[in-house]
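In: Build the 3D model from these lines:
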Amino acid sequence: MTTLRDNPGGGQDGASDREPAAASPPPAQPRGARRAVAGLAGLIRRHRLFSLALVLAAVIRVLIMLGYRPAMLFRLDTFDYLWGAVHLSPNVVNPSGYSLFLRLLLPFHSLELVVAIQHLLGLVVAGMVYAVLRRYGLPEWGATLAAMPVLFDPSQLVIEHLIMADLLAMVLMVGAFAVLLTRTRPSLWRSATVGLLMGLATIVRPTVLPLVILIPGYLLLTRVGWRRAGAALVAGLVPVLGYMSWFAAVHGPFNMTNSNGLFLWSRTMSFANCQVIKPPASLQPLCPDAQPGPLARADPALRRQPMRYLWNHRVWAWHGVPRGFVPDAAAFTSANNARALRFAVIAIEAQPVAYANTIWSETLTPFLHTDNSLRFVDYTPSSVNLTPHELRYAIGSIEAYAGNSQGVTSNLGYHFGVRLVRPYVTVVNIYQHGFFLPGPLFGAIMLAGLAGILIPSRRSPAAILLWLSAVIIMVVPTAEHEYTYRYVLPAVPLACMALALAFRKPIGRPAADPQRAANADDTAGDTGAVAQVGDPGGR
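Out: Okay, the predicted model is just below:
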């Protein structure tokens with residue numbers, strides 16, 4: 001048995017000549033890490049309610065990623081984006097901004113990574129909504145409530161899980177508004193950043209283009225100076241003109257796509273009457289009654305959706321064109337696009353009331369009832385609803401991007417292709433039937449926001465900007481092609497912010513000294529009060 005005497009080097013009574021070594025303390029955290037942890041803890045304490053909502057929203061997104069693998073794949077659009085990320089070239093149907101984003105992630109060869117990043121970006125959008133409203137003095141519960149649709153609406157969760165451009169465009173657009181509205185008087189560089197973000201959103205979803213012009217107008221009306229307005233405009237146009245130059249170098253026309261005329265032509269099929277329009281002989285093959293089979297209906301009320309004309313390979317645009325590996329590229333030539341645009345312009349000029357009625361009736365659709373078109377499926381389609389040619393393209397696109405078929409070859413059915421994993425699918429399905437944004441409630445949000453900005457004592461330039469932007473990004477896609485709820489979703493956070501800002505409790509007045517107000521704005525923190533200043537193409 002070992003005793004103290006047995007210890008080597010022992011002194012009297014076996015005591016060591018040296019003090020026994022104390023237990024080594026755990027390595028101290030770097031000062032920067034400690035500060036970061038303390039800062040995060042303090043941030044959570046100050047925003048407990050939103051932090052709780054954020055955690056719950058993250059849990060739901062994890063369940064979705066476990067249940068729907070590797071991602072949700074939308075008809076042929078998803079495969080166009082994947083193919084474009086590998087074979088980098090401006091797409092003739094939709095701008096390739098999203099393909100450029102996918103290109104950045106190409107080295108990882110993972111669709112799961114793409115949707116994981118998109119789910120994180122969805123949470124970032126909710127955080128930006130919350131931050132802007134808190135910056136304007138809303139209470140924590142009010143700012144959290146405004147962010148709830150982005151956090152929990154299943155339609156929002158679907159577009160985050162889709163390999164589609166919608167979520168990226170939303171992030172860039174809401175990011176531009178967040179950068180703009182967190183200062184009463186944005187600096188020159190901040191104004192340029194706002195414009196750049198909106199310009200980048202445009203090359204992802206071109207229906208955002210009007211906002212590139214609207215934001216400089218807002219800066220002029222709020223009297224922050226023509227230099228800042230000009231910086232926002234120039235920075236917003238740089239990505240757009242740069243992309244158009246790239247498109248021209250590859251395809252010829254100085255445009256973003258070869259599809260805008262064809263999309264608009266398909267829109268006119270909802271109301272066009274060639275007995276009224278009287279198009280020239282060269283455009284008569286584009287009339288509704290000249291289209292094949294059931295598309296040829298004299299009564300506009302009985303006609304099929306515009307997309308049924310646009311993607312029908314028996315209509316005039318596909319006559320005599322060769323079919324390549326990419327199924328829908330051949331018809332989108334500059335000549336077909338120009339021809340379709342001529343017919344569409346003549347049709348709208350001849351029947352402006354019919355065109356306006358069509359847009360009006362479809363714009364009201366998401367407010368009159370709850371649109372359930374964006375929901376997670378809870379069953380695997382019994383048959384593949386793609387032609388053999390389209391199926392080869394779909395599988396080839398996935399394999400080119402991810403290195404293999406990701407196990408979804410048998411799941412590329414109608415609308416969404418995805419591999420289902422239970423029991424997570426069951427949990428998500430139960431969730432989406434209990435938590436969603438009802439259409440009439442969304443309509444009430446829009447109407448209340450409008451009422452708020454019409455009341456002089458409540459009128460806020462920021463609320464007006466957000467509300468008008470929401471209307472624009474809903475109406476433009478419908479006017480260009482047709483109503484689809486995917487095009488409505490980006491308007492939801494803008495509408496919620498507009499309503500919250502219009503009815504917020506006034507918390508301050510502009511400083512008497514404009515220079516002092518500007519300086520205060522540049523140094524205010526997150527909790528400071530701001531003085532009141534006044535695609536189409538789904539297949």
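In: Quick check: phi and psi at I215.
Out: Backbone torsions of I215, given as degrees, to the nearest 10, read phi -60, psi -50.
In: residues contacting the spatially closest residue to it that is not a sequence neighbour?
Out: Using Cβ to Cβ, 6 or more residues apart in numbering and skipping residues adjacent in sequence, the residue nearest I215 is A232, 5.3 Å away. In short, each C-beta sits where N, CA and C put it, glycine included. By Cβ atoms under 8 Å, 6 or more residues apart in numbering, A232 lies in contact with 191-192, 194-195, 215-216, 219.
In: How about R504?
Out: 133, 136-138, 142, 460.
In: Let me know the closest of these to P490.
Out: L133 (17.6 Å; Cβ to Cβ).
In: Give me the domain ranges for the protein.
Out: 49-196+373-505, 260-350 (automatic domain parsing).
In: Let's have those in JSON lines, adding mean pLDDT and distance to T358.
Out: Below are these laid out as JSON lines (pLDDT from 0 to 100; distance: least, Cβ to Cβ, whole Å):
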{"stretch": "domain 49-196+373-505", "mean pLDDT": "93", "distance to T358": "8"}
{"stretch": "domain 260-350", "mean pLDDT": "87", "distance to T358": "5"}
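In: and of those, who's closest to A41?
Out: domain 49-196+373-505 (10.5 Å).
In: Which members of the contacts of A232 are positioned in helices?
Out: 191-192, 194-195, 215-216, 219 (DSSP state H).
In: can you list these in CSV and add neighbour count and distance to N372?
Out: Shown next, in CSV, are those (neighbours: other Cβ atoms under 10 Å; distance: Cβ to Cβ, whole Å):
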residue, neighbour count, distance to N372
S191, 28, 40
A192, 20, 41
V194, 28, 35
G195, 30, 37
I215, 25, 34
P216, 24, 38
L219, 27, 39
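In: so which helix or strand takes in the residue nearest to I215?
Out: helix 226-251 (DSSP states H and E).
In: how far is whichever strand or helix holds I464 from where the chain is centred?
Out: In the assignment (DSSP H and E), I464 maps to helix 461-480. Relative to its chain's centre, helix 461-480 lies at 14 Å (Cα atoms, centre = their mean, to the nearest Å).
In: helices or strands up against it?
Out: Judged by 3 or more Cβ pairs under 8 Å, 6 or more residues apart in numbering; DSSP states H and E, helix 461-480 is in contact with helix 166-181, helix 209-221, helix 260-268, helix 352-363, helix 439-454, helix 485-488, helix 491-502.
In: Swap in 10 Å and give it another go.
Out: helix 166-181, helix 209-221, helix 260-268, helix 352-363, helix 365-368, helix 439-454, helix 485-488, helix 491-502 (3 or more Cβ pairs under 10 Å, 6 or more residues apart in numbering; DSSP states H and E).
In: Let me know the angle separating the second one from helix 491-502.
Out: In this structure, helix 209-221 runs at an angle of 20 degrees to helix 491-502, with axes from the mean of the first three to the mean of the last three Cα atoms, to 10 degrees as the basis.
In: Quick check: buried residues in helix 209-221?
Out: 209-212, 214-216, 218-220 (16 or more other Cβ atoms under 10 Å).
In: Closest one of those to L102?
Out: Using Cβ to Cβ, these come closest to L102 at L209, 21.8 Å.
In: Mind jotting down where the strands sit in the chain?
Out: Ranges of strands in the chain, per DSSP state E, are 68-74, 416-420.
In: what's the burial count for A71?
Out: Other residues near A71 come to 29 when the count uses other Cβ atoms under 10 Å.
In: separation between the residue lying closest to V86 once chain neighbours are set aside and L106?
Out: Leaving aside its chain neighbours, V86 sits nearest to A400 (4.4 Å; criterion: Cβ to Cβ, 6+ apart). From A400 across to L106, the span is 10 Å (Cβ to Cβ, to the nearest Å).
In: what's the spacing between stretch 195-215 and its chain's center?
Out: 12 Å.
In: swap that for stretch 358-374, sorry
Out: Using Cα atoms, centre = their mean, the offset of stretch 358-374 from its chain centre is 19 Å.
In: Now do the end-to-end distance for it.
Out: End-to-end distance for stretch 358-374: 23 Å, by Cα to Cα, to the nearest Å.
In: So what angle separates the directions of the helix holding I464 and helix 439-454?
Out: 130 degrees.
In: what is the orientation angle of helix 461-480 with helix 260-268?
Out: 80 degrees.
In: A178: what's its closest spatial neighbour, skipping adjacent residues?
Out: Using Cβ to Cβ, 6+ apart, the nearest residue to A178 is M128, at 4.0 Å.
In: who are the neighbours in contact with that neighbour?
Out: With contact taken as Cβ atoms under 10 Å, 6 or more residues apart in numbering, M128 is in contact with 147, 150, 171, 174-179, 181-182, 493, 497.
In: what does A165 give?
Out: A165 touches 77-78, 81, 94-99, 101-102, 159, 201, 203-205, 486, 535, 537, counting by Cβ under 10 Å, 6+ apart.
In: 8 Å - rerun?
Out: The neighbourhood of A165, defined by Cβ under 8 Å, 6+ apart, consists of 81, 94, 97-98, 204-205, 535.
In: now do A470
Out: Here A470 is in contact with 446, 449, 491-492, 494-495, 498 (Cβ under 8 Å, 6+ apart).
In: surely L465 meets L214?
Out: Yes - counting by Cβ atoms under 8 Å, L465 does reach L214; the two are 7.2 Å apart.
In: CSV please, covering the contacts of A165 and showing distance to T363.
Out: Formatted as CSV, these follow (distance: Cβ to Cβ, whole Å):
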residue, distance to T363
Y81, 27
N94, 22
G97, 25
Y98, 25
V204, 22
R205, 18
D535, 17
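In: from these, which two are the most distant?
Out: Y81 and R205 (12.1 Å).
In: Neighbour count for those two, which is higher?
Out: R205 (28 against 25).
In: if I look at that one, how far off is E480?
Out: 11 Å.
In: R205 touches M164, doesn't it?
Out: No - the pair R205 / M164 is not scored as a contact, 9.9 Å apart, by Cβ under 8 Å.
In: which neighbours do these two share?
Out: With Cβ under 8 Å, 6+ apart, R205 and M164 have no common neighbours.
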